[in-house]
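K.L.:
Provide a 3D model corresponding to the input given below.
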Amino acid sequence: MKVLHDHGLAPYHTFGIDVTATQIVEAENIDDFIHIWHDSSFNNMAKLVVGHGSNLLFCEDYQGVIILNRIKGITLKETAANFCLHVGGGEDWHQFVHWCVDRNIGGLENLALIPGCVGSSPIQNIGAYGVELKDVCQYVDVLDVITHEIKRYDAETCQFGYRDSVFKHQLKDGHIIVAVGFCLPKIWQPKIAYAPLNQFDIATVTLQQVFDTVCEVRKAKLPDPAVIGNAGSFFKNPIISKIARDKLLVDYPAMPSYGIDNQHVKLAAGWLIDQCGLKGYQIGGAKVHPQQALVLTNVGTATAQDVIQLAQFVVDSVAIKFDIALEHEVRFMAANVETNLAEIQA
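P.N.:
Modelled structure (predicted):
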């Protein structure tokens, strides 16, 4: 365990908001986590485990200890049909995807350049270009910090949903993802139904082409957090009934939608925000990204309140124009507990 002397959180979350924590520590193994939870100096402090902080908005100074998950390691085993990978929760997600592509292990390439750590990926059930974590996850190893037990949850037990999992609910507190297992077929099945990957021929496309294209598109559309503070997609794509979608299509025939089941469709939140004319809209140091309306950014001087006010303005604008309630995908952290936009603005 390494206790950091600097209490500033800007380097440890991709929004780069200038907030502080009471304490920041690094955990490099399971024993570190157990020690932190049972160390008398941390007993009465709120605790938050963070990977790269790529899906967090600290709404104020955090009155507790931030624990940086730095458990590393990638173990590869093979069966006749599959590549089986056991990956430490503190590994960088994109670097892990790159590691697989370099070894001609397919299945994760559509998820390239998603910021964050491997241990964070099941919480959100990250997804992009027709692939979600639930499609490739075999298990998640979880540490119960009270009992010191490590329990393995298979994909079904993780209760994966759209940007959702059991780790946001029953296993939210006192449980830490220390490793994730992946099972990737040796016979690669490219997923290229979504644009811009649908330009390729499924019979000839290569793993490297898919990986490179996903990286190129994400770099072109999404700001680099190292340059412009942001937490990626700020809002979830709303799911509505087909009946409600058909009513909207009367006034907005170009509105994109994607089938979920026989009764529901998913809309593109970025498109809805764009139709409200909000690309480039700015409040204080917080700005809707000019190229991707789904991303709220810190242009360098944003306070947490700037981002909160901008998020509320976006939500209100979409509600007025489309009668659709956007939900934020980014986690909001108050002084010592997770919160949300509605609670903050109440």
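K.L.:
Which strand or helix spans Ser41?
P.N.:
In this assignment (DSSP states H and E), Ser41 forms part of neither any helix nor any strand.
K.L.:
which residue ranges form the helices in the protein?
P.N.:
For the chain, helices defined by DSSP state H occupy the ranges 30-38, 93-102, 121-124, 207-221, 242-251, 269-275, 304-322, 341-345.
K.L.:
Contacts for the second one, please.
P.N.:
Applying Cβ atoms under 8 Å, 6 or more residues apart in numbering, the set of residues contacting helix 93-102 from outside is 74, 85, 87, 106-109, 111-118, 120-121, 126, 184, 207-208, 211. Heads up, the C-betas are built off the backbone N, CA and C, glycines and all.
K.L.:
for this structure, which strand is longest?
P.N.:
Counting residues, the longest strand in the chain under DSSP state E turns out to be strand 175-185.
K.L.:
what helices or strands is that strand leaning on?
P.N.:
For strand 175-185, the elements it packs on are helix 30-38, strand 62-69, strand 82-88, helix 121-124, strand 137-144, judged by 3 or more Cβ pairs under 8 Å, 6 or more residues apart in numbering; DSSP states H and E.
K.L.:
export the longest one as CSV, just CAs?
P.N.:
Right, helix 30-38. Output in CSV follows, covering the C-alpha atoms of helix 30-38 (Å, rounded to 0.1, in the frame of the first residue of the first chain):
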residue,chain,number,x,y,z
ILE,A,30,-5.6,-7.9,-2.3
ASP,A,31,-3.8,-7.6,1.0
ASP,A,32,-3.6,-3.8,0.5
PHE,A,33,-7.3,-3.5,0.2
ILE,A,34,-7.9,-5.6,3.3
HIS,A,35,-5.4,-3.5,5.2
ILE,A,36,-7.0,-0.3,4.2
TRP,A,37,-10.5,-1.5,5.3
HIS,A,38,-9.2,-2.6,8.7
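K.L.:
outside of that helix, which residues touch it?
P.N.:
Among residues not part of helix 30-38, those counted as contacts by Cβ under 8 Å, 6+ apart are 1, 25-27, 42, 47, 49, 65, 67, 71, 143, 145-146, 148, 150, 176, 178.
K.L.:
go with 7 Å
P.N.:
Met1, Val25, Ala27, Phe42, Ile67, Leu143, Val145, His148, Ile176, Val178 (Cβ atoms under 7 Å, 6 or more residues apart in numbering).
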